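Colleague: sequence below, structure please.
(2 chains)
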Amino acid sequence: MMLTRRRLLTTVGATALAGAVSPLLVRPALAGVAEIVIAQSGGLTGEALEKAYVRPFTEKTGVPVRLVGVESSTGELRAMLQSGQIDRHIWDVELADVLSSPELFEELDWDAINPEPITDAARHPQAIGRHYFSFVMAWAKDATPIETWADFFDTDKYPGRRAMMAYDAYSQLEVALLADGVPQDQLYPLDVDRAFAFLEKNKGKVQIWWDSGSQAAQLLTTGEVEYALIYSGRVAYLPDVGMTYNQGLTVLNYFAVTKGIDAETKAAVMAFLHEMTVPQNELVAIETVAYSGPSLGLDALLTDDQRRLLPSSAQNLKKQVLIDSQWWAAHRAEIDARWTAFRAAL
Amino acid sequence: MAQRLSPAGDAMANSSVGVALAAPLALFLFIALVLPMLGILAFSFIGGETPTANYGAVLTTPVFLMVIARTLLLGLIVAIVTTLLAFLFSLWVLRLSAKVKVIVVAAIVMPFFISYLLRALSWIPVLGFNGLLNNLLMAAGLTEAPLSLIYNPFAVVLGTSNALFPMACLPLLAAFHKVDQRLIQAAHSLGATSFTAFRQVFLPLVMPATLSTAVMIFAVATGFYITPSILGGGRVLLAPNLIELLIHRRGEWGTGAALTVILLVVFMASILLARSLSSTRFGRKSA
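Modeller: Predicted structure coming up:
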C-alpha cells in the first residue's frame, strides 16, 4: 500500500496517544518488575507466606511473587552471586547468617518499607524480622509428657526413643547445656566443650537424627520415636503430638535481600516487605502455622488460645531462651567443623 | 556385475558414519558430564589461601578420611552382596521357560520406575521401630522392646543392595544368556560333573561381565546419598552426605569440591586396581 499522508498521520497520532495514555494504565514504579522470587524453607511456613503476604501484595500491585525452596540460604546465595545471574530476590535467613556474611545481602531501604510498628529486633539494616520460631521438645501420642531437657535425656524415668536434628548444632548445644544443668539465664557465651561432652556421653540415647522438619514430624506421628527436638511450627497445631515451650530455644527468623538487585525490583521488594509488617496479614499467617510475626499490633488481635500456641506471646517468651545470633555468627565456623566430626562418629 | 567397495573403503565409510552418529551423544556427554567435572575441579582450587589449601585441609582432617574410607568399604560390601545375589538370581532365571522368563525380567525392570527415595522410605513401615516386623515380634512375645533393624549401617547396605539389585541383574542376565549351552553339554559329554562344568566352563565365560557388574555397582553405591540419609537415621555419614553438607548447607564450595575430587581419584584407583587384578587372573589364563 502506498504511504499516504493520511496513513502517516493516523499512525503517528495513534502512537502519540498510546504513549500519553499508557502511564495512566500501568502501575508506576513497579511496572517493569516481572516477578519477585522468594527462596524459603517451604512447608507450612511457605503456605503461610503465600496466603498471608503474597496474596495481598499481588492484589495491590499486580506483581507476581514466586516461592522456591531452599535448604541453605547462604550456600545457595553465594553460588547464585558467583554465577552472576540473579533469579532469587528474597532469602529466608537466620540473623547469624546475615551477621557472618554481610557481603551477600543488600541494604534495606527502611523508608521505602515504611513498616507498621514492629519490635526493635525486627529492624536490621540488612534484614527484616519475619517470624519467631522455636526449637522445642515434643512427644508422640502415647508418650509421657516431659518438662525439661534433662527429662529429654532421662531414659529411665521417660523410656522411649529420641530424635534430634542432624545437620546443624544450632540450638542443640543450648539443649545439651540446659540438660546438663546450666541455668537458662547463664547459657551465653556457650561452653562448647561442655556441650559436646554431654552430647558424646548421651548420643546413644538418640536413635534417629533427622534431616528435615517434615521427617521429624513424621517420626513423631508414626511412632518411630517417642520424643524429639523439633521446630515448634511442625507440632503446635498437631492434635496427636504434645509439646511444651518450656526451655524452648526461640529465635527471630529474618528475610534478607540479594545484594545487587536492580532498583525497580528493589522497590517492589520493599513494598512486599511492608506487607509483612501489617498485623492483619500476620494474623492470617498464624492460622496456617504457629509462628508469629514481629508486628506490635498483633497481640491485640489474638485470642487466648492462639497466645498459648505462639512462641512469641508474652507467656511463652518468658519460658524460653532467645538464641544469641551474635554468638553464633562469631563461632559458626569452628562449631560446624566440630559438629561434622561429631556426626561422623555417631 | 555389482560393484563391490574395497574392504578398506567399506570400513572407512562405516567408521565415518559411526563417528557422525555418535557425535551428538559425545557432545551431550561433554556438556553434561565433562564440563561440570571440570567446574568441580576448578572450584576445588578456590577459597583457600593457596590453590591446594582445600586439598591440604581435607587430607589432614581425620574425619574426612574416615568418611571416605567408610564410603568405600560400604560400597565394596554392597558391590559384593548385590553382585552375588544377582548372580544366583540370574542362574535361576537361566533355567526358566521362556514365558516365565519374560514375566520375571519385567518384574526386575519395574523398580526402575520408582525413585530411590520411595524405595528407601518404604523400608520404614516394614522395619521401623513402629513397623510391621517389630509389631509382629512384640505381639508374638518374641521381644520386649522394638529391635533396631534400621537406622544403622546394616540397613544402609540392605537398602542400597535392594535398590541396585535390578541394575546388577540386567548385565548378568545378558551375559549368561550369551553363553553357548552346547559348551556345557560338551563338558558333560567329556565326563565333567555339573559343578566342574560350572567352574571350568561357565564361570570363566561370565567372569568378565560379573566383574564389570561389580565395578559398576561399586561406582553407583559409593555415590548413594538418599538411601544412607534415610535408612542410616542420620548416623551413617558417608562421603556424598558430607559433600552435600559442605556444599549445599554450608556453602563451603572449596572444601566440598576438594573432597569430591579426592573421592573420585581414590575411587578410580580402586577400579584400576580391581581391573589389573582380574586381568592377571583371567586374562592370561584363558585357553
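
Colleague: contacts only, for the closest residue to chain B within the stretch 151-300 of chain A.
Modeller: Residue nearest to chain B within the stretch 151-300 of chain A: residue A:209 (2.8 Å; Cβ to the nearest Cβ). (C-beta placed from N, C-alpha, C; glycine too.) Contact partners of residue A:209, counting by Cβ atoms under 8 Å, 6 or more residues apart in numbering or on different chains, are A:163, A:164, A:165, A:166, A:343, A:346, B:233, B:234, B:235.

Colleague: list phi and psi for it.
Modeller: Main-chain torsions, residue A:209, degrees, to the nearest 10: phi -110, psi 110.

Colleague: rewinding a little: now, which of the contacts of residue A:209 sits nearest residue A:198?
Modeller: For the contacts of residue A:209, the closest approach to residue A:198 (Cβ to Cβ) belongs to residue A:164, at 12.4 Å.

Colleague: returning to what we had before: who wins for most neighbours among the contacts of residue A:209?
Modeller: Among these, residue B:233 has the most neighbours (other Cβ atoms under 10 Å in any protein chain shown), with 27 neighbours.

Colleague: quick check: the nearest residue to it once chain neighbours are set aside vs residue A:162, distance?
Modeller: Leaving aside its sequence neighbours, residue B:233 sits nearest to residue B:151 (Cβ to Cβ, 6 or more residues apart in numbering or on different chains; 2.8 Å). Noted for residue B:151: a distance of 12 Å to residue A:162, by Cβ to Cβ, to the nearest Å.

Colleague: so who does the closest residue in space to residue B:131 that isn't next to it in sequence touch?
Modeller: Once flanking residues are discounted, residue B:131 sits nearest to residue B:125: 5.3 Å by Cβ to Cβ, 6+ apart. Counting by Cβ under 8 Å, 6+ apart, residue B:125 touches A:222, B:131, B:132.

Colleague: what do you get for residue B:154?
Modeller: Contacts of residue B:154 (Cβ under 8 Å, 6+ apart): none.

Colleague: ok, residue A:311 next?
Modeller: Counting by Cβ under 8 Å, 6+ apart, residue A:311 makes contact with A:132, A:133, A:134, A:232, A:245, A:248, A:250, A:290, A:291, A:292, A:317, A:320.

Colleague: for the residue of the stretch 151-300 of chain A closest to chain B, give the beta-bridge partners.
Modeller: residue A:164 (DSSP bridges).

Colleague: can you confirm residue A:93 is in a strand?
Modeller: Yes - according to DSSP: H, G, I helix; E, B strand; the rest coil, residue A:93 belongs to a strand.

Colleague: measure it to chain B for me?
Modeller: Distance of residue A:93 to chain B, given as Cβ to the nearest Cβ, to the nearest Å: 12 Å.

Colleague: I'd guessed that residue sits against residue A:254; true?
Modeller: Yes - Residue A:93 lies in contact with residue A:254 (Cβ atoms under 8 Å); the separation is 5.3 Å.

Colleague: what is in contact with those two at once?
Modeller: The overlap between the contact sets of residue A:93 and residue A:254 (Cβ under 8 Å, 6+ apart) consists of residue A:127.

Colleague: quick one: the strand or helix carrying residue A:266 to chain centroid distance?
Modeller: Element membership of residue A:266 [criterion: DSSP states H and E] is helix A:263-275. Distance of helix A:263-275 from its chain centroid, counting by Cα atoms, centre = their mean, to the nearest Å, is 19 Å.

Colleague: tell me the helix or strand right after it.
Modeller: Going down the chain from helix A:263-275, the next helix or strand is helix A:279-288, by DSSP H and E.

Colleague: could you list the residues in contact with that following helix?
Modeller: With Cβ under 8 Å, 6+ apart as the test, helix A:279-288 has contacts from A:44, A:47-49, A:51-53, A:56, A:116, A:131, A:275-276, A:291-293, A:295, A:297-298, A:300-302, A:306, A:310.

Colleague: if we can go back for a sec, by neighbour count, which of the contacts of residue B:125 wins?
Modeller: Within the contacts of residue B:125, residue B:131 tops the neighbour count with 20 neighbours, counted by other Cβ under 10 Å.

Colleague: thought residue A:66 was touching residue A:34?
Modeller: No - between residue A:66 and residue A:34 there is no contact under Cβ under 8 Å: 9.9 Å.

Colleague: where does chain B dip in pLDDT?
Modeller: The model of chain B has pLDDT under 70 over residues B:1-13, B:278-287.

Colleague: contact residues of it facing chain A?
Modeller: Within chain B, the positions near chain A by Cβ under 8 Å from any Cβ of the partner chain are B:63, B:66-67, B:124-125, B:128-130, B:148, B:151, B:229-230, B:233-237, B:242, B:245, B:247-253.
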